[in-house]
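Asker: structure for this input, please:
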Amino acid sequence: MRDRTWSGTDREPGGHHPAHRPGPGRGQRHRELRLHRHGQVRGEHWKNCNPDYRKFNDVGGDCTNFISQAPRTGGRKNDTGWYKSHKNWWCNSSNRTTSWINVDYWASFALHGDRAHNLDNVHKLGIGDILQRDFGGNRSMDHSMITTYKSNGVPYLTHHSTNTYRKSVKSLVAQYPRATYYAFRT
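Answerer: Okay, here's the model as predicted:
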């Protein structure tokens with residue numbers, strides 16, 4: 001299987017991505033405890049949207065909103081500031097940042113803010129890691145998914161917009177073989 005994972009060229013928000021950065025050093029035990037609190041990682045709200053958050057299926061899709069809820073549930077604090085800046089990430093009852101709901105802006109926020117780093121292969125995804133997909137080959141990502149299970153080295157992803165639960169990365173790549181996949185360790 002061909003792995004077309006993003007290799008890390010400098011790009012800006014709105015279809016552009018920052019340079020690949022090495023991941024921050026985090027202890028495995030801390031990561032496991034933090035991930036245990038993620039509702040999405042436990043499989044909650046994959047079929048029915050979390051009532052604590054607005055749904056975005058009617059305005060482009062709910063996939064990045066869904067994956068943004070996981071770090072919040074896990075205890076990640078808001079990065080406050082202007083809602084259109086890729087350097088900020090927050091959500092409240094009346095508004096949210098573009099990085100909370102937009103695929104490209106989420107990636108820019110996560111990489112610029114040292115919240116994630118790129119993986120060089122989709123099979124290295126672990127529980128709580130994010131996979132984004134570019135359907136058109138234009139280096140602008142179109143869909144976000146979160147790894148919710150791993151068995152025999154195969155990551156399984158859950159996502160919104162089509163409300164899918166634990167689909168293997170192997171079947172995702174087989175379903176969209178021409179897509180480019182961007183894997184993030186969170």
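Asker: residue 99 belongs to a strand?
Answerer: No. The assignment for residue 99 by DSSP: H, G, I helix; E, B strand; the rest coil gives helix, which leaves it out of any strand.
Asker: count the neighbours of it for me.
Answerer: 30 (other C-beta atoms under 10 Å). All C-beta atoms are positioned from the backbone trio N, CA, C, and that covers glycine.
Asker: quick one: it and residue 86 touch, right?
Answerer: Yes. Under the criterion of C-beta atoms under 8 Å, residue 99 makes contact with residue 86 at 5.6 Å.
Asker: shared neighbours, those two?
Answerer: Residues touching both residue 99 and residue 86 (C-beta atoms under 8 Å, 6 or more residues apart in numbering): 105, 108, 109.
Asker: do you know the pLDDT at the second one?
Answerer: This points to residue 108. On pLDDT, residue 108 comes in at 89.
Asker: and it, helix, strand or coil?
Answerer: What three-state DSSP gives for residue 108 is helix.
Asker: so how far is residue 63 from the closest residue to residue 130 other than its chain neighbours?
Answerer: Nearest residue to residue 130, sequence neighbours excluded (C-beta to C-beta, 6 or more residues apart in numbering): residue 184, at 4.4 Å. From residue 184 across to residue 63, the span is 14 Å (C-beta to C-beta, to the nearest Å).
Asker: what does residue 138 give?
Answerer: Taking C-beta to C-beta, one finds residue 138 at 18 Å from residue 63.
Asker: okay, the shared contacts of residue 99 and residue 86 in a markdown table with neighbour count and distance to residue 45 next?
Answerer: Below are the shared contacts of residue 99 and residue 86 laid out as a markdown table (neighbours: other C-beta atoms under 10 Å; distance: C-beta to C-beta, whole Å):
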| residue | neighbour count | distance to residue 45 |
| --- | --- | --- |
| 105 | 24 | 22 |
| 108 | 23 | 25 |
| 109 | 25 | 22 |
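Asker: so which residues make contact with the helix or strand containing residue 181?
Answerer: Here residue 181, judged by DSSP states H and E, is contained in strand 180-185. Identification of contacts with strand 180-185 by C-beta under 8 Å, 6+ apart yields 3-6, 23, 107, 110-111, 116-122, 124-126, 129-134, 137, 139, 141, 172-173.
Asker: mind checking which of these are in strands?
Answerer: Under the assignment DSSP state E, the contacts of strand 180-185 contribute 117, 118, 119, 130, 131, 132, 133, 134 to strands.
Asker: and of the residues you listed, the nearest to residue 156?
Answerer: For the ones in strands among the contacts of strand 180-185, the residue nearest residue 156 by C-beta to C-beta is residue 131; the value is 10.6 Å.
Asker: partners of the closest one in the sheet?
Answerer: Judged by DSSP bridges, the bridge partners of residue 131 are residue 145, residue 183.
Asker: now the terminal residues of stretch 136-150, how far apart.
Answerer: 28 Å (C-alpha to C-alpha, to the nearest Å).
Asker: all set now, cheers.
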